[in-house]
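**Student:** No sequence on hand, only this structure:
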């Protein structure tokens, strides 16, 4: 399954949208399920790494990539086309799965995907 690594704040924004929303990325032919990876953030000045409570450097959720839309800005050069991914059906994982991110779209092995989906299924089972 494909994944994309983004900053933690963008990962949270993507996974908390209730309606299909466009996000600025690049052109892709991929459509379908897409894992969201939150990459590790570098602490800013006066910000300790221990203060960062959101999971990072982990697979944190999944969305469906519905479409890739081109958006030309009026007065822009012909080669200045923006691409927006229409993302829908967000699912945040209860337990983020530590995983190294990469640039661009990258493949995550089927074993890792099975582990993530297994954790998601177990989190939905009633507690006894």
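**Tutor:** Done, it's in. For clarity, every value in this text was computed on a predicted model and none was experimentally measured.
**Student:** alpha carbons only for contacts and neighbour counts from here, please
**Tutor:** OK.
**Student:** quick one: the strands in the chain?
**Tutor:** Ranges of strands in the chain, per DSSP state E, are 2-7, 21-25, 32-39, 58-72, 81-98, 105-107.
**Student:** Would you give the sheet partners of the longest one, along with the direction of each?
**Tutor:** What that stands for is strand 81-98. Sheet pairing here is set by DSSP bridges, and for strand 81-98 it gives strand 21-25 (antiparallel), strand 58-72 (antiparallel).
**Student:** Would you mind giving the orientation angle of it with respect to strand 32-39?
**Tutor:** 70 degrees (axes from the mean of the first three to the mean of the last three Cα atoms, to 10 degrees).
**Student:** And the contacts of strand 81-98?
**Tutor:** Residues outside strand 81-98 that contact it (Cα atoms under 8 Å, 6 or more residues apart in numbering): 14-27, 55-73, 116, 119-120, 123.
**Student:** Mark which of the residues you listed are buried, thanks.
**Tutor:** The neighbour-count criterion (16 or more other Cα atoms under 10 Å) marks 14-15, 20, 22-23, 55-69, 116, 119-120 among the contacts of strand 81-98 as buried.
**Student:** Residue 36 is nearest to which of the strands paired with strand 81-98?
**Tutor:** Across these, residue 36 has its closest neighbour in strand 58-72 (5.1 Å, Cα to Cα).
**Student:** Give me the contact list for the closest one.
**Tutor:** Here strand 58-72 makes contact (Cα under 8 Å, 6+ apart) with 11, 15, 27-39, 80-93, 95-101.
**Student:** quick one on the thing from earlier: in terms of mean pLDDT, which of the strands of the chain ranks lowest?
**Tutor:** When these are compared by mean pLDDT, strand 21-25 comes last with a mean of 77.
**Student:** What are the contacting residues of that one?
**Tutor:** By Cα under 8 Å, 6+ apart, strand 21-25 touches 82, 83, 84, 85, 86, 87, 88.
**Student:** Just grab the bridge partners of the spatially most central residue of the chain for me.
**Tutor:** With distances taken as Cα atoms, centre = their mean, residue 36 lies nearest the centre of the chain, 2.4 Å away. On the basis of DSSP bridges, residue 36 is bridged to residue 4, residue 61.
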